[in-house]
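> sequence and predicted model, in that order:
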Amino acid sequence: MAKTTSQDSQATKSTTQAVKPVTMAAALNSAMRDALTEDPTVVIFGEDVGPLGGVFRITDGLTRDFGEERVWDSPLAESGIIGTAIGMAMYGLRPIVEMQFDAFSYPAFEQIVSHVAKMRNRTRGRVSLPIVIRIPTSGGIGGVEHHSDSSEAYWTHTPGLTVVTPSNPTDAYSMLREAIASDDPVIFLEPKSHYWMKEGVADQSRPALPMNKAAVVREGTDVTLLSYGPTVAVALKTAKLAEEEDLSVEVIDLRSLSPFDDETVGASVRKTSRAAVIHEAAQFGGYGAEVAARVTEREFYHLAAPILRITGADIPFPAPLLEKYYLPTPERILNALSTWEWEV
């Protein structure tokens, strides 16, 4: 069957048939299954992604159904995984690789930053690398360091990489399909705490958004919460609690961390005149700093107060029993919002 290249056809496929609620894990599995079925150049490999189906079982059943020539286990060597994917992509394949845990991607950092991100520029556009690098990310599972990191700032700081993260099963399916169809490399960050969140994938009232667009997931008038990945659910809980204090909170799911959707974010901030960024990574030098600076530069005269950042602490990810004190919570967010002078 011919390779799917149209975003519109992917969106239509994911929205025309009503299905029972599925988990994000199942949605990601379906996206890869459909891509393998439609495009013979798609291959999947990584640590334990074959017969085991991955440590989170995201690739469950794919080796059984497509064979070890399409879906297979790699050695435990992340740099080798990415180096192999580069060669495959240069010769016409579309590899999807898994880093198993966020911090496990660090041994592959040099390959990703020096080669994956730069190949198109290095060859003046003659060589593209259609590679999807799937990275389970963030906390919320009672893991320890190397299993709960949030490294999005490393990737968004690297020109040549598209960096996206879904917050729900619907986006997990449509965004992964679009990432696989892209001719440029995509860092696909999967919030592991949401793997078992259930939601109807196809029974939606509107087509899936392109993966480079942010989504207004809750409208409000007093303040904009800018969130992504696992913090979208936290922002929505915050907005619900804020109603008790007569505070109307708008929640934005950024979805695409790079490129950044200035249009959607700017329109929201101009409406509310206040904004806060939420992420699990440490605050100093974190992704929220770039968002705050970017929005301030563009919307300065619409802001009634400085943009806040509610983040993880500036320490390595703590032991499981301390995780609840590290991660942003609705209570922490509301406390931060209360520090503003609201009589302007």
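On my side now, so go ahead. Numbers count the residues shown, from 1 in each chain.

> which parts of the stretch 1-150 of the chain are helices?
7-13, 24-38, 62-66, 78-90, 109-111, 119-122 (DSSP state H, counting those that start in this stretch).

> any chance of those in JSON lines, plus mean pLDDT, distance to Ala289 and mean neighbour count?
To be clear about C-beta, it is placed using only N, CA and C from the backbone, and glycine gets the same treatment. Shown next, in JSON lines, are these (pLDDT from 0 to 100; distance: least, C-beta to C-beta, whole Å; neighbours: other C-beta atoms under 10 Å):
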{"stretch": "helix 7-13", "mean pLDDT": "44", "distance to Ala289": "31", "mean neighbour count": "17"}
{"stretch": "helix 24-38", "mean pLDDT": "96", "distance to Ala289": "28", "mean neighbour count": "22"}
{"stretch": "helix 62-66", "mean pLDDT": "97", "distance to Ala289": "38", "mean neighbour count": "17"}
{"stretch": "helix 78-90", "mean pLDDT": "97", "distance to Ala289": "27", "mean neighbour count": "19"}
{"stretch": "helix 109-111", "mean pLDDT": "96", "distance to Ala289": "21", "mean neighbour count": "16"}
{"stretch": "helix 119-122", "mean pLDDT": "94", "distance to Ala289": "26", "mean neighbour count": "15"}
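
> the ones you listed: which one's closest to Pro210?
helix 7-13 (5.9 Å; C-beta to C-beta).

> a markdown table for the helices of the stretch 1-150 of the chain, including distance to Glu299?
Below are these laid out as a markdown table (distance: least, C-beta to C-beta, whole Å):
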| stretch | distance to Glu299 |
| --- | --- |
| helix 7-13 | 29 |
| helix 24-38 | 32 |
| helix 62-66 | 44 |
| helix 78-90 | 37 |
| helix 109-111 | 33 |
| helix 119-122 | 31 |
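
> would you mind confirming that Leu209 makes contact with Glu178?
No. Under the criterion of C-beta atoms under 8 Å, Leu209 makes no contact with Glu178, lying 9.8 Å away.

> count the residues that sit near Ala235.
Number of residues near Ala235 (other C-beta atoms under 10 Å) recorded here: 28.

> what of the one 3 residues further on?
By the criterion of other C-beta under 10 Å, Thr238 has 29 neighbours.

> what's the pLDDT at the nearest residue to it once chain neighbours are set aside?
Leaving out its chain neighbours, the residue that sits closest to Thr238 by C-beta to C-beta, 6 or more residues apart in numbering is Pro330, at 4.1 Å. Pro330 is assigned a pLDDT of 95 by the prediction.

> ok, Glu280 - contacts?
138-139, 150, 229-231, 311-312, 327-328 (C-beta atoms under 8 Å, 6 or more residues apart in numbering).

> so which of the residues you listed are in helices?
Secondary structure defined by DSSP state H assigns Thr231 of the contacts of Glu280 to helices.

> kindly present the contacts of Glu280 as a markdown table, with separate columns for neighbour count and distance to Thr23.
As requested, the contacts of Glu280 are exported to a markdown table (neighbours: other C-beta atoms under 10 Å; distance: C-beta to C-beta, whole Å):
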| residue | neighbour count | distance to Thr23 |
| --- | --- | --- |
| Ser138 | 30 | 17 |
| Gly139 | 26 | 19 |
| Ser150 | 26 | 21 |
| Gly229 | 27 | 16 |
| Pro230 | 26 | 15 |
| Thr231 | 29 | 19 |
| Thr311 | 24 | 27 |
| Gly312 | 22 | 25 |
| Leu327 | 22 | 21 |
| Pro328 | 22 | 23 |
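
> between the two ends of stretch 218-238, how far is it?
In stretch 218-238, first residue to last residue: 11 Å (C-alpha to C-alpha, to the nearest Å).

> pLDDT of that stretch, averaged?
96.

> next, the buried residues of that stretch.
Using 16 or more other C-beta atoms under 10 Å as the test for burial, stretch 218-238 gives 218, 220, 222-236, 238.

> among those, name the ones in strands.
218, 223-227 (DSSP state E).

> how about CSV for these, with distance to Thr123 added?
CSV is the format used below for those (distance: C-beta to C-beta, whole Å):
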residue, distance to Thr123
Arg218, 44
Val223, 46
Thr224, 40
Leu225, 41
Leu226, 36
Ser227, 37
